[in-house]
Structure formats: C-alpha cells, structure tokens
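**Student:** no FASTA, just this:
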C-alpha cells in the first residue's frame, strides 16, 4: 500500500510540474508566433483605414518570420506573474532582414497557453 501511495505521489508531482513549470522552447516559440500574428492583425486593421496607401505599407512592411528559437534559460519573475526567459531568436524582420539575436521576454501562462507579457 505504501508503494502505491508513493507511486501516486510521484505521478502527481510530475503532473503538477507540467502545469506550473516554466515554458518549454516549443511554448516560447508558439507564444512569439501568436504575438507576431496579433501585431500583424493590428497593422492590417490600421492600414485598411488608409486605402491603397495602407495596402502599399502593409506589402512593404510584410510580416516577421521566426526561423528558430532556442531557450537559454528562464527564472520566475520577481514582481509579476510568469517567467522571464532569455531566448536566442533567429528571425526575419521586415525592413531590416534576417538576424539572430538574444532577447529577454516575460511569459505568462494563460487559458490558451503561454503568452508574451508586454
């Protein structure tokens, strides 16, 4: 009986770790991609107000594209919810081109998964 309780406790710890732990590299990439999509949608709505000139702006600026994400490490945020993560990000940014940079962002777990906190 003690073995069964120990096994159940171990499973519970693993399940809770998955629910409350820091974001994975896959979680970080998904959050960044949703963030880009949200900003692109805002840009599209704004440029629609300017008719043809707005479409030209949208075409010229384009959309950012993530090529790879490498999670360097995360720590629990001190004065806010979530985790602050250092990430190596390889992406193409409109007007400036493709580059690989280190960035730091805060990620918060929401009802639909991890999001970038701004």
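**Tutor:** Happy to help now that I have it. Everything numeric in this text was worked out from a predicted model, so none of it was measured. Residues are numbered from 1 along each chain as shown.
**Student:** Can you give me the buried ones in the longest strand belonging to the chain?
**Tutor:** In the chain, with assignment by DSSP state E, the single longest strand is strand 97-110. Neighbour-count burial for strand 97-110 flags 105-107, 109 (criterion: 16 or more other CB atoms under 10 Å). C-beta: built from backbone N, CA, C; applies to glycine.
**Student:** and the one helix or strand residue 114 maps to, which strands flank it?
**Tutor:** Secondary structure assignment for residue 114, by DSSP states H and E: strand 113-117. Sheet pairing of strand 113-117 (DSSP bridges) gives strand 97-110 (antiparallel).
**Student:** Helices along this protein, start to end?
**Tutor:** 2-20, 25-48, 51-61 (DSSP state H).
**Student:** re earlier: do me a favour and average the pLDDT over the strand holding residue 114.
**Tutor:** The predicted model gives strand 113-117 an average pLDDT of 96.
**Student:** for stretch 63-70, same thing?
**Tutor:** For stretch 63-70, the per-residue pLDDT averages 92.
**Student:** What score does residue 59 have for pLDDT?
**Tutor:** Looking at residue 59, the pLDDT reads 62.
**Student:** same check, this time on residue 96
**Tutor:** So, for residue 96, pLDDT stands at 86.
**Student:** Just the endpoints, please. Distance across stretch 72-90?
**Tutor:** 13 Å (CA to CA, to the nearest Å).
**Student:** Quick check: buried residues in it?
**Tutor:** 74, 82-85, 87, 89.
**Student:** of the residues you listed, closest to residue 40?
**Tutor:** Relative to residue 40, the closest of the buried residues of stretch 72-90 is residue 89; by CB to CB it sits at 16.8 Å.
**Student:** quick one: that closest one and residue 71 touch, right?
**Tutor:** No - with contacts counted by CB atoms under 8 Å, residue 89 stays clear of residue 71, the gap being 10.2 Å.
**Student:** Tell me who's in contact with the nearest residue to residue 67 once chain neighbours are set aside.
**Tutor:** Take residue 67 and drop its neighbours on the chain: the residue closest to it by CB to CB, 6 or more residues apart in numbering is residue 90, 4.4 Å away. Contacts for residue 90 were tallied using CB atoms under 8 Å, 6 or more residues apart in numbering; they are 66-69, 98-100.
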